[in-house]
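Asker: Let's see this in three dimensions:
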Amino acid sequence: MFKTETRGSVLALTMERAPVNAINREWINGFEAVLDELEHCSDVTVLLVRSSQRTFSAGADLKLMRDCFATEDGPDAMVETVRRMQRLYDRIEAASQVVIAEIGGAAHGGGFELALACDLRVAAEGAPLGLPETRLGLLPGAGGTQRMSRLCGPGVARRMILTAEVISGAQALRLGLVQWAVPADELEAFARALAERVATMSPKALAACKRCFSAADAELSAGMLIELLETHKLLNTGDTRGRIAAFLDR
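Answerer: Coordinates of the predicted model:
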């Protein structure tokens, strides 16, 4: 599901869950295990998150969604999974290492929320990016409404989330959702060079900067609690259940 490789002070984490790096409980467990090990790697300064698949991550696993909606307590189970995604992405954001997302393919829903939790994002110019949850009667509850608003302002966040717009990496650069967009055939080399450049900086200085950034983004937890509460409400509505059932049937 994941492959790790260390080169100098850079740990490359490659997501390998075919075909689209769909997120389920096992995926979350695997990512958390990598972060557990990272906490004990004082010689790692940069975590580079990438994918071996054509897709960076398509978001929540469809089987997980089917299983949740097949039981009476499905909404509660789904909210708990989203809560675990929030915690995982919080850990990524709070890591002492600088975390870079190398987005070579589509990043949708929870997959794009993963990228938003990273410190730096570089995308292929044509990679499709977006938070399309409102099409299913849902919301991007793993921090999407909060982090996107903080990254590029409420205007862009409302545009992207309320219209379920999917944009290219090049468009994401113009909107401030990624810091770099490069041709697809140059992405891997660019991301590797970026990671190696950051790795030459002082690890303690980088960690201190990240703590300062966190202070500037205070009260994230309050907004994410609202995401969970509203997600739970939506999962119990007939409209959302109908939209998700139609999506799963397709």
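Asker: Go through the helix ranked longest in the chain and flag the buried ones.
Answerer: Counting residues, the longest helix in the chain under DSSP state H turns out to be helix 74-94. Within helix 74-94, the residues scored as buried using 16 or more other CB atoms under 10 Å are 74-75, 77-79, 81-86, 88-93. No exception for glycine: its C-beta is placed from N, CA and C like everyone else's.
Asker: can you check stretch 61-72 too?
Answerer: Buried residues in stretch 61-72, defined by neighbour count with 16+ other CB under 10 Å: 61, 64, 65, 68, 69.
Asker: how far off helix 74-94 does the helix or strand hosting the fourth one point, in degrees?
Answerer: I take that to be residue 68. Per DSSP states H and E, residue 68 falls inside helix 62-69. When axes from the mean of the first three to the mean of the last three CA atoms, to 10 degrees is applied, the directions of helix 62-69 and helix 74-94 differ by 130 degrees.
Asker: which residues of the protein fall in helices?
Answerer: 25-38, 62-69, 74-94, 110-117, 144-162, 169-175, 187-199, 203-216, 220-235, 238-249.
Asker: Just name the most buried of these.
Answerer: Among these, the stretch with the highest mean neighbour count (mean count of other CB atoms under 10 Å) is helix 110-117, at a mean of 28.
Asker: quick one: contacts of it?
Answerer: Residues external to helix 110-117 that are found in contact with it (CB atoms under 8 Å, 6 or more residues apart in numbering): 21, 23, 49, 55-60, 85, 89-90, 92-93, 99, 101, 103, 107, 121, 129-131, 140, 142-144, 147-148, 151, 177-178.
Asker: likewise stretch 237-249?
Answerer: For stretch 237-249, the surrounding residues in contact (CB under 8 Å, 6+ apart) are 62, 65, 66, 69, 135, 136, 137, 138, 234, 235.
Asker: how about a cut-off of 10 Å?
Answerer: 62-63, 65-66, 68-69, 74-75, 78, 133-139, 231, 233-235 (CB atoms under 10 Å, 6 or more residues apart in numbering).
Asker: what's the burial count for residue 176?
Answerer: The tally of other residues near residue 176 (other CB atoms under 10 Å) stands at 12.
Asker: Tabulate the helices of the chain (JSON lines), appending mean pLDDT and distance to residue 15.
Answerer: Formatted as JSON lines, those follow (pLDDT from 0 to 100; distance: least, CB to CB, whole Å):
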{"stretch": "helix 25-38", "mean pLDDT": "96", "distance to residue 15": "8"}
{"stretch": "helix 62-69", "mean pLDDT": "81", "distance to residue 15": "16"}
{"stretch": "helix 74-94", "mean pLDDT": "93", "distance to residue 15": "13"}
{"stretch": "helix 110-117", "mean pLDDT": "98", "distance to residue 15": "9"}
{"stretch": "helix 144-162", "mean pLDDT": "95", "distance to residue 15": "19"}
{"stretch": "helix 169-175", "mean pLDDT": "98", "distance to residue 15": "18"}
{"stretch": "helix 187-199", "mean pLDDT": "98", "distance to residue 15": "14"}
{"stretch": "helix 203-216", "mean pLDDT": "86", "distance to residue 15": "23"}
{"stretch": "helix 220-235", "mean pLDDT": "80", "distance to residue 15": "23"}
{"stretch": "helix 238-249", "mean pLDDT": "86", "distance to residue 15": "23"}
